[in-house]
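S.K.: Quick one, what's the 3D model for this:
(2 chains)
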Amino acid sequence: MSNLILTLTVLMVLFCLGSSRLLSIIYLIAFQGFLVSVLPFFINDKITISVILFILVTLLIKSFLIPIFLYFVMKRITIKREIEPIIGYNGSVFLGLIIIIISIFIGNKFNFHINHHNTFLFPAGITTLTSGIFLIIARKKAITQVIGYLMMENGIYLLGLILSNHNLNIIEFGILLDLLVGVMLMGIVLHNINKTFDDIDTTLLKSLRDL
Amino acid sequence: MKSLILFLTLIVLAPLFSAIMLKIKAFFAGKKGIPLLINYYTLIKLIQKTSVYSISTSQIFQVGYLITLATTLTSLLFLPFSGLPPLLSFNGDIIFVLYLMSLGKFFTLISAMDTGSSFEGLGASREAFFSFLAESAFFMVIISFFWFDEKLSIASYFMANNKINVWNNYNFPLPLVGISLFLILLTENSRVPIDDPATHLELTMIHEVMILDHSGPALAFIYINSYLKLLFFSSFLTLLLFPRFGLDNKWNIASFYITLICIYISIGITESIMARFKLNKVPKFLVITFSLATFATIIIMGFAR
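M.R.: Okay, the predicted model is just below:
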């Protein structure tokens, strides 16, 4: 079951890389957040009340609060799709596949002292993290870059699941809070960029520099 | 013996299965729909006509459709329907079958080019491009099967052992392969999101434009070929998907038939709820198909062994 969830998580990464509509990317990232946050149910051996609480809070923030917030930002700035990505969609999907291969390769090389039996956790984490960074690099619209940031956080969360026992959840909570505040700030920034330039293309920010 | 009977029944029933698809589309459109035996009536009507060949065509045009039909029939011989031993089998036959299909497609293409119509050449070039992309995806599917069972024969993939079947609980990437195969099926048989089999004389169509010059018995053979080709791909998918009840169980055949009909129904539903893609969207769709298959292969290579 955990393998299925991880496979779907990585599949969501590929879909995000291949999709041009901002709204569908938001849905995809919400679903990915859902998958990532229910994963501890299937990985942890013993499920205590604190684990359940932690999962519920993560679920609430990752797959409801942040996507709903992004959705309202989307509604406000009336931009529906990414027109000119720096790297095209088909190319992005292929690069995503290459990232998966490389991360499986890395996963075989690294020999972590892993207390979980799941060998796919590490490659999935690396893939999600790297693709998040890739999404930030390869897209121009600021909202997609925020989504790339979210995806990166999902990858960090997956890697954290390997390295931490669940008494380290407090760190995850800290990251999650940072993320939530970051996304909200980014929403305000987006709104201001949109008000100034009538677009959320980050290349327009170049005109702010001194000549 | 059993497999021969099953083979013949499926071939005879293939037009009926395609008619089920039409019924589903009619149901979604709120119509009563044409009778279930419509395809047989059409075939009988067409075979009774005389052949008309354009004077600008050569011998190739007159044998092209026959070769296409022959290749499709031959490739059906290799499928182990419902897990029973196939009529023909050897190591490496999956590659043989794929290239047989390509040979059939090649003859469809050159008979389209042979008519000298610029319109048909257009369709031929599109068909060649899209089937080239679909074929790469199909090869990726085969590579993923190869990692399960280190043989290159359809019989060893699907026959007695339960290795390559979705209902096996440790085969978690196989549903992805199934989705990818379904998308390949839609492409190879020119079904709706790629190409509309119901359109004629439209600049955007792909497959139908290539058969414009065929008439009478030739057209009947082309229709039979399209039913059989759809049967081939959906049987291939069915072999991956259908639930099995142990070896030599008679319920296997029932579940095979039910899954096969379900696949036809799902094609009908896909055709009813989706519009055709714009022509420049089709390569993207095929790239997604290829990536799905590749993704499944990577997962299988890394972990499922």
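S.K.: thought A:Pro85 was touching A:Ile137?
M.R.: No. Under the criterion of Cβ atoms under 8 Å, A:Pro85 makes no contact with A:Ile137, lying 10.3 Å away. Where you see a C-beta, it was placed from the backbone N, CA and C, and this is true even at glycine.
S.K.: So the two - more neighbours on which side?
M.R.: A:Pro85 (17 against 11; other Cβ atoms under 10 Å in any protein chain shown).
S.K.: where does the closest residue in space to that one that isn't next to it in sequence land on pLDDT?
M.R.: Nearest non-adjacent residue to A:Pro85, counting by Cβ to Cβ, 6 or more residues apart in numbering or on different chains: A:Arg139, 5.3 Å away. Note on A:Arg139: pLDDT of 86.
S.K.: what sits against B:Ile24?
M.R.: Contacts for B:Ile24 (Cβ atoms under 8 Å, 6 or more residues apart in numbering or on different chains) come out as B:Tyr264, B:Ile265, B:Gly268, B:Ile269, B:Glu271, B:Ser272.
S.K.: Validate this expectation: it resides in a helix.
M.R.: Yes. According to DSSP: H, G, I helix; E, B strand; the rest coil, B:Ile24 belongs to a helix.
S.K.: and it, how far is that from A:Val183?
M.R.: Going from B:Ile24 to A:Val183 by Cβ to Cβ, to the nearest Å gives 44 Å.
S.K.: ok, for B:Pro175, nearest residue in space, not its chain neighbours?
M.R.: Residue nearest to B:Pro175 in three dimensions, not counting chain neighbours: B:Val166, with 5.9 Å by Cβ to Cβ, 6+ apart.
S.K.: can you tell me which residues contact whatever residue of the stretch 101-250 of chain B ends up closest to chain A?
M.R.: Nearest residue of the stretch 101-250 of chain B to chain A (Cβ to the nearest Cβ) works out as B:Phe172 at 4.9 Å. Contact analysis of B:Phe172 by Cβ under 8 Å, 6+ apart lists A:Asn3, A:Leu4, A:Thr7, B:Ile299, B:Ala304.
S.K.: okay, the last one: pLDDT?
M.R.: The confidence metric pLDDT takes the value 53 at B:Ala304.
S.K.: mind listing what the residue nearest to the spatial centre of chain A touches?
M.R.: Chain A has A:Met151 as the residue nearest its centroid, 1.0 Å off, counting by Cα atoms, centre = their mean. Contacts for A:Met151 were tallied using Cβ under 8 Å, 6+ apart; they are A:Val13, A:Cys16, A:Ile29, A:Gln32, A:Thr128, A:Leu129, A:Ser131, A:Gly132, A:Leu135.
S.K.: The same query, at a cut-off of 6 Å, please.
M.R.: Neighbour list for A:Met151: A:Thr128, A:Gly132 [criterion: Cβ atoms under 6 Å, 6 or more residues apart in numbering or on different chains].
S.K.: now it: how far from A:Asp178?
M.R.: Distance from A:Met151 to A:Asp178, by Cβ to Cβ: 16 Å.
S.K.: one step back: neighbours of the residue nearest to A:Pro85, how many?
M.R.: A total of 25 residues lie near A:Arg139 under the criterion other Cβ under 10 Å.
S.K.: A:Ile83 is in contact with that one, correct?
M.R.: No. Here A:Arg139 does not reach A:Ile83: they are 10.6 Å apart, not a contact under Cβ atoms under 6 Å.
S.K.: do the helix ranked longest in chain B and chain A meet?
M.R.: Scanning chain B for the helix with the most residues, using DSSP state H, yields helix B:118-148. No. For helix B:118-148, no contact with chain A is found by Cβ under 6 Å from any Cβ of the partner chain; the gap never falls below 10.5 Å.
S.K.: Check which element follows that helix along the chain.
M.R.: As assigned by DSSP states H and E, the chain's next helix or strand after helix B:118-148 is helix B:154-158.
S.K.: what's in contact with that next one?
M.R.: For helix B:154-158, the external contacting residues (Cβ under 6 Å, 6+ apart) are B:Phe78, B:Pro80, B:Pro86, B:Ser89, B:Ile94, B:Phe145, B:Asp149, B:Ile164, B:Leu239.
S.K.: hmm, 10 Å instead?
M.R.: With Cβ atoms under 10 Å, 6 or more residues apart in numbering or on different chains as the test, helix B:154-158 has contacts from B:75, B:78-86, B:88-91, B:93-94, B:96-97, B:142, B:145-146, B:148-151, B:163-165, B:235-236, B:238-240, B:242, B:244.
S.K.: Look at B:Ile206 and give its secondary structure.
M.R.: Secondary structure for B:Ile206, judged by three-state DSSP, is coil.
S.K.: residues near it, how many?
M.R.: Neighbours around B:Ile206, by other Cβ under 10 Å: 24.
S.K.: nearest residue to it other than its sequence neighbours?
M.R.: Closest residue to B:Ile206 apart from its sequence neighbours, by Cβ to Cβ, 6+ apart: B:Asp195 at 4.3 Å.
S.K.: now B:Leu174
M.R.: B:Val166 (5.0 Å).
S.K.: next one: A:Ile86
M.R.: Distances taken as Cβ to Cβ, 6+ apart place A:Ala138 nearest to A:Ile86, at 5.1 Å, with adjacent residues excluded.
S.K.: Output the lowest mean pLDDT helix or strand found in chain B.
M.R.: One helix or strand of chain B scores below all others by mean pLDDT, DSSP states H and E: helix B:154-158, with a mean of 86.
S.K.: Filter the contacts of B:Phe172 down to the ones in helices?
M.R.: If you go by DSSP H, the contacts of B:Phe172 have A:Asn3, A:Leu4, A:Thr7, B:Ile299 in helices.
S.K.: Next, give me the two most distant ones among the residues you listed.
M.R.: Largest separation among the ones in helices among the contacts of B:Phe172 by Cβ to Cβ: A:Leu4 and B:Ile299, giving 10.5 Å.
S.K.: Now do the shared contacts for those two.
M.R.: Taking Cβ under 10 Å, 6+ apart as the contact rule, A:Leu4 and B:Ile299 both touch B:Phe172, B:Pro173.
S.K.: quick one, which of the two is more surrounded?
M.R.: Taking other Cβ under 10 Å, A:Leu4 and B:Ile299 do not tie; B:Ile299 has more neighbours (27 against 14).
S.K.: which other helices and strands contact the helix or strand A:Phe134 falls within?
M.R.: Per DSSP H and E, A:Phe134 falls inside helix A:121-138. Contact partners of helix A:121-138 among helices and strands, from 3 or more Cβ pairs under 10 Å, 6 or more residues apart in numbering or on different chains; DSSP states H and E: helix A:2-18, helix A:22-43, helix A:89-109, helix A:142-163, helix B:282-299.
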